[in-house]
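Enquirer: missing the sequence, but the structure's below:
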């Protein structure tokens with residue numbers, strides 16, 4: 001298998017650059033409010049249909065399934081321009097990015113003919129039913145059950161949360177446990193296509209702090225799914241193996257560790273700027289805290305780099321990051337993130353307790369605020385936004401949710417540790433055997449035949 005270091009760098013062909021200009025011209029003619037997370041919160045079905053009409057959805061899908069047979073580099077250019085502009089791509093994002101390729105790779109011929117043309121037209125939107133209450137992103141612990149219902153299909157029972165776009169989706173691709181849990185937690189999982197709306201499916205909004213609606217709770221109450229909507233039609237063994245063999249957990253964990261690096265870098269920068277602002281850089285206990293943040297940051301970066309450096313092509317020809325560094329990172333971060341938040345609290349100390357609001361800065365106390373809220377190296381109007389950011393990151397309701405989110409992102413840390421020991425048992429025993437051999441060598445040398 002080829003390692004990442006053996007891959008040749010790619011270049012964009014002239015046709016791709018011509019396409020870039022066409023996308024920019026189109027975006028200039030369409031009125032929308034740019035959003036930094038438009039792939040999640042910027043849903044506009046009309047915009048999606050317009051992209052479909054121009055052949056910019058399902059670009060790499062075969063033409064016989066309604067796609068356009070274009071190159072991945074051409075698709076890359078289109079996606080890059082759409083995201084850079086903050087265009088409203090949220091309605092079709094999951095279908096075009098994930099569900100379409102999954103159906104092409106693992107779906108039946110009937111599923112390809114039924115779903116892929118609609119995705120390419122911008123008329124087939126999908127949600128993903130994976131995360132569950134009390135399961136975080138530890139997908140191997142899902143409790144949604146799929147049970148065979150005679151010869152006709154399956155019955156689904158369970159609840160999914162954080163299901164983006166389910167309220168506008170035409171179907172949901174759902175992960176459920178279809179076989180009893182045994183030694184391999186990632187075995188016995190299957191995916192099902194559930195049309196929306198369907199009898200027995202209830203979708204409830206989960207609103208963000210600002211009131212926006214893109215997350216949902218989706219409840220499945222004895223929902224019937226025919227065999228025609230199951231990946232790997234009528235092949236229970238391959239259905240149960242599909243999730244573990246595709247490397248889904250590896251690729252999702254790689255994305256999570258990238259997020260972890262970004263959080264570490266943010267906390268490192270925030271803490272350093274706070275220290276400089278209040279003139280506390282000479283204190284040894286401050287050095288200790290900054291050093292701890294730096295070690296966390298470099299540890300996450302090193303684990304990410306190791307996973308990428310040791311990546312190999314899997315059986316499907318997809319470059320898959322090495323699992324061991326990623327598994328170490330996802331077990332470590334739930335422990336270090338709460339501590340990073342605590343360090344911000346300790347550095348900010350009483351300066352985070354009572355900060356002026358925007359109304360105060362425009363009111364009669366503004367001169368007193370300027371005088372008494374200045375820092376060693378910053379005027380009050382420079383210190384206040386920085387410490388407000390620190391408060392948002394360490395003491396607000398948002399910050400508390402983030403700490404809880406990171407503690408349980410992949411599930412119960414104790415269960416995660418147990419799974420790590422079980423899944424890496426052979427490697428652990430290898431190290432134990434090496435130490436045992438060393439002990440025996442010393443024993444034999446010291447005691448010889450006397451024992």
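Expert: Structure's in. What do you need? As the structure is a prediction and not an experimental result, all values here were calculated from the model. Numbers count the residues shown, from 1 in each chain.

Enquirer: Which parts of this protein are strands?
Expert: 126-129, 145-149, 153-160, 171-177, 189-195, 201-207, 213-226, 312-313, 319-320 (DSSP state E).

Enquirer: Tell me which of the ones you listed is the most buried.
Expert: Comparing the strands of the chain on average neighbours per residue, with mean count of other CB atoms under 10 Å, the densest one is strand 126-129 at a mean of 26. Backbone N, C-alpha and C define where each C-beta goes, glycine included.

Enquirer: tell me what that one is packed against?
Expert: Judged by 3 or more CB pairs under 8 Å, 6 or more residues apart in numbering; DSSP states H and E, strand 126-129 is in contact with helix 93-94, strand 171-177, strand 213-226.

Enquirer: TSV please, covering these and showing distance to residue 410 and mean pLDDT.
Expert: Shown next, in TSV, are those (distance: least, CB to CB, whole Å; pLDDT from 0 to 100):
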stretch	distance to residue 410	mean pLDDT
helix 93-94	21	92
strand 171-177	15	90
strand 213-226	19	93
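
Enquirer: could I get these as a markdown table with distance to residue 273?
Expert: Below are the helices and strands packed on strand 126-129 laid out as a markdown table (distance: least, CB to CB, whole Å):
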| stretch | distance to residue 273 |
| --- | --- |
| helix 93-94 | 34 |
| strand 171-177 | 42 |
| strand 213-226 | 32 |
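
Enquirer: out of the ones you listed, which comes closest to residue 61?
Expert: Of all those, helix 93-94 sits nearest to residue 61, with 15.1 Å by CB to CB.

Enquirer: Can you give the contact residues for the closest one?
Expert: With CB atoms under 8 Å, 6 or more residues apart in numbering as the test, helix 93-94 has contacts from 39, 40, 125, 126, 127, 128, 164, 165, 169.

Enquirer: want to try TSV for those residues, with pLDDT and distance to residue 114 as columns?
Expert: As requested, the contacts of helix 93-94 are arranged in TSV below (pLDDT from 0 to 100; distance: CB to CB, whole Å):
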residue	pLDDT	distance to residue 114
39	84	25
40	83	27
125	96	15
126	94	13
127	94	17
128	90	19
164	90	23
165	92	20
169	95	16
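
Enquirer: Which one of the residues you listed is nearest to residue 429?
Expert: residue 128 (36.7 Å).

Enquirer: which ones are touching that closest one?
Expert: Residue 128 neighbours (CB under 8 Å, 6+ apart): 94, 98, 99, 163, 164, 172, 173.

Enquirer: got the residues you listed as CSV, with distance to residue 134 columns?
Expert: Shown next, in CSV, are the contacts of residue 128 (distance: CB to CB, whole Å):
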residue, distance to residue 134
94, 24
98, 24
99, 26
163, 16
164, 19
172, 20
173, 21
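
Enquirer: Now a ChimeraX select for only the buried ones of those.
Expert: To isolate the buried subset of the contacts of residue 128 in ChimeraX, counting by 16 or more other CB atoms under 10 Å, use the following:
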select :94,99,163,164,172,173
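
Enquirer: what's the burial count for residue 54?
Expert: 14 (other CB atoms under 10 Å).

Enquirer: what does residue 380 give?
Expert: 18.

Enquirer: And it, what's its pLDDT?
Expert: Looking at residue 380, its pLDDT stands at 80.
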